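Participant: Sequence unavailable; structure follows:
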């Protein structure tokens, strides 16, 4: 098996790392994300799509715009639906926004912040490509992926974006429609 591309966390660039880890290449940089922010709010003194400190902390709009430049779409997953209705063969990958503990060195604080992570199938195996991990975490097959996603949902404050091609999005091929509808 070839090497899995995995960027590690730097500053508040988890959105950039999640995009690059999902794509398995260094497609975006902080400068590229900043350019997207300026395009989203060209006349803003303080850009609402990132940290006012300029250290990152990009919002979902930056991720969605970045994916669109590569002919991908981000579909917001309705967590009320069963994960069994996902058409995994049509989904390129996942970007999740999850709560992440804040720590100062070895001291873990009792508060959390939102953190972007990528999950993707590589060589037939799903991996958690979280930039806070030392290396990609092997999840396994479709059942283990769904268990991981369900666990993230159960912890609360989790959002899931399905990353699909524009064609898959337009035809809604990412979901197995309910028989009752």
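Facilitator: Happy to help now that I have it. All of these numbers come straight from a predicted model, not from anything done at the bench.
Participant: How about residue 8, nearest residue that isn't a chain neighbour?
Facilitator: residue 131 (5.6 Å; Cβ to Cβ, 6 or more residues apart in numbering). Glycine gets a C-beta too; all of them are placed from N, C-alpha and C.
Participant: In contact with the one you found, which residues are there?
Facilitator: Neighbour list for residue 131: 6, 7, 8, 9, 10, 13, 14, 17, 18, 21, 117 [criterion: Cβ atoms under 8 Å, 6 or more residues apart in numbering].
Participant: Can you pick out the ones from these that are in helices?
Facilitator: 14, 17, 18, 21 (DSSP state H).
Participant: Residue 160: which of those residues is nearest?
Facilitator: If you rank the ones in helices among the contacts of residue 131 by distance to residue 160 using Cβ to Cβ, residue 18 comes first, at 12.3 Å.
Participant: so what's that closest one up against?
Facilitator: Contacts of residue 18 by Cβ under 8 Å, 6+ apart are 63, 95, 116, 117, 118, 129, 131.
Participant: Now for this structure, the helix or strand with the poorest mean pLDDT.
Facilitator: Of all helical and strand segments in the chain, the minimum by mean pLDDT, DSSP states H and E falls on helix 30-40, at a mean of 78.
Participant: Run the chain-centre distance for that helix.
Facilitator: Taking Cα atoms, centre = their mean, to the nearest Å, the mean C-alpha location of helix 30-40 is offset from the chain mean by 17 Å.
Participant: try stretch 57-66
Facilitator: Averaging C-alpha positions (Cα atoms, centre = their mean) puts stretch 57-66 10 Å from its chain's average.
Participant: All further residue positions should be reported with the first residue as 142.
Facilitator: All right, first residue 142 from here; so that's stretch 198-207.
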